[in-house]
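[1] Need a 3D model of the sequence below.
(one chain, ligands or ions: 1)
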Amino acid sequence: MRGVFSLAYSNELAIFVLNNVSIDMSYNLLKGKRGIIFGALDENSIAWKTAERVHEEGGSFVLTNAPIALRMGQLNALAEKTGAKIIPADATSSEDLNQLIEEATAHLGGKLDFVLHSIGMSVNVRKGRHYTDENYDFTTKGWDVSALSFHKLLQSLYKNDAMNEWGSVVALTYMAAQRTFPDYNDMADNKAYLESVARSFGYFFGKEKNVRVNTISQSPTVTTAGKGVKGFDAFLNFAEKMSPLGNASAADCADYTVTLFSDLTRKVTMQNLFHDGGFSNTGVSQEIVDHFSE
Ligand SMILES: NC(=O)c1ccc[n+]([C@@H]2O[C@H](COP(=O)([O-])OP(=O)(O)OC[C@H]3O[C@@H](n4cnc5c(N)ncnc54)[C@H](O)[C@@H]3O)[C@@H](O)[C@H]2O)c1
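    As a prediction, the model looks like this:
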């Protein structure tokens with residue numbers, strides 16, 4: 001990540017000002033580490049931003065997505081930019097996952113240090129079915145893609161002994177797993193399941209192989225999956241006004257994920273980590289009070 005650095009320093013001896021100096025904010029936190037990143041669809045995707053940051057931090061990885069998503073072709077640009085290989089896999093298929101892990105470890109030249117599960121989809125949401133009128137075939141499909149796929153992924157990694165010691169697996173979630181957001185529909189239940197899998201599998205992965213498993217509970221973020229939720233803009237603005245630090249962007253999420261992949265968080269596991277500018281612990285903000293006082 002490159003930022004514009006502006007510094008003014010003054011005392012009796014010296015006054016010096018630096019303006020518009022481009023600084024490199026990489027720390028080589030993932031130098032020599034290998035991994036797999038699921039779920040980059042386009043440049044707005046949280047996984048896309050994460051892949052860019054991981055690359056900047058020295059990590060090498062395979063990019064993967066469902067074959068149907070790859071047909072859109074956008075992932076090639078990210079693969080070129082980050083020097084990554086693309087290997088298709090439907091995350092609901094254990095066969096695909098095993099194949100992916102075998103090919104990825106062979107290509108990268110060893111076991112994995114990090115894996116990002118950034119996958120979500122609700123057929124009920126897509127088809128406009130209300131939570132009180134679910135089509136259970138849709139529910140089952142959405143649960144398989146959004147939640148059970150995380151167990152399938154962890155089980156494939158575990159059984160193939162594909163993770164290095166002190167490796168880190170992260171999945172993305174949303175606070176609707178704890179509190180009700182009516183239009184989040186059956187994705188709330190999928191996220192509750194996903195977070196539970198992180199705890200349950202995290203126990204065994206920690207005990208047997210010293211591998212971390214966590215979920216990041218991210219602010220509402222403008223992406224293809226995010227925009228699918230009814231009333232998303234209102235939702236986004238409300239969260240922005242509620243959060244003391246404002247909403248966390250996809251780029252912010254990428255930064256946070258890098259820390260969880262790094263060696264600096266080796267004893268963090270089985271956690272659901274809120275990355276939301278403080279939203280989850282705010283009862284009400286002054287902005288919301290002001291809005292209702294008008
Ligand atoms: N956008 C938000 O507001 C928000 C907030 C909190 C958490 N999240 C979570 O972040 C994650 C990433 O979503 P995003 O917002 O970047 O949206 P996105 O639409 O860019 O990413 C979702 C990805 O899931 C992939 N996917 C769907 N079915 C798949 C399958 N069968 N196999 C493999 N991949 C499959 C899609 O192709 C896509 O790349 C999701 O878990 C989402 O629920 C998003």
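[2] got any ranges where the chain has weak pLDDT?
    For the chain, the stretches flagged by pLDDT under 70 are 1-24.
[3] what does it have sitting close to the ligand?
    38-39, 41, 45-47, 65-66, 69, 90-92, 118-121, 145, 172-174, 218, 220-221, 223-226 (CB under 6 Å from any ligand atom). From N, CA and C alone the C-beta is placed, and that goes for glycine too.
[4] wait, what's in contact with residue 242?
    Contacts for residue 242 (CB atoms under 8 Å, 6 or more residues apart in numbering) come out as 279, 282, 284-285, 287-288.
[5] That one and residue 277: what is the separation?
    Going from residue 242 to residue 277 by CB to CB, to the nearest Å gives 9 Å.
[6] of all the contacts of residue 242, which comes closest to the ligand?
    Proximity of those to the ligand, judged by CB to the nearest ligand atom, is greatest for residue 279, which lies at 11.2 Å.
[7] isn't residue 111 right up against residue 164?
    Yes: Residue 111 lies in contact with residue 164 (CB atoms under 8 Å); the separation is 4.5 Å.
[8] Which parts of this protein are strands?
    For the chain, the strands defined by DSSP state E cover 2-10, 15-24, 34-38, 60-64, 85-86, 112-117, 163-173, 212-218, 272-275.
[9] Please name every helix or strand in contact with the helix ranked longest in the chain.
    What stands out as the longest helix in the chain, according to DSSP state H, is helix 187-209. The contact analysis (3 or more CB pairs under 8 Å, 6 or more residues apart in numbering; DSSP states H and E) places helix 187-209 against helix 136-143, helix 149-159, strand 163-173, strand 212-218, strand 272-275.
[10] rerun at 10 Å
    strand 112-117, helix 136-143, helix 149-159, strand 163-173, strand 212-218, strand 272-275 (3 or more CB pairs under 10 Å, 6 or more residues apart in numbering; DSSP states H and E).
[11] which of the residues in that helix are buried?
    For helix 187-209, burial by neighbour count (16 or more other CB atoms under 10 Å) applies to 187-191, 193-198, 201-202, 205, 209.
[12] Check these and tell me the two furthest apart.
    The largest separation in these, counting by CB to CB, is between 188 and 209 at 31.0 Å.
[13] Quick one: residues contacting residue 135.
    Residue 135 makes contact with 123-124, 127, 129, 141, 186, according to CB atoms under 10 Å, 6 or more residues apart in numbering.
[14] Kindly reformat those as JSON lines containing neighbour count and distance to residue 56.
    Shown next, in JSON lines, are the contacts of residue 135 (neighbours: other CB atoms under 10 Å; distance: CB to CB, whole Å):
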{"residue": "123", "neighbour count": "18", "distance to residue 56": "36"}
{"residue": "124", "neighbour count": "21", "distance to residue 56": "37"}
{"residue": "127", "neighbour count": "9", "distance to residue 56": "39"}
{"residue": "129", "neighbour count": "17", "distance to residue 56": "41"}
{"residue": "141", "neighbour count": "16", "distance to residue 56": "36"}
{"residue": "186", "neighbour count": "23", "distance to residue 56": "36"}
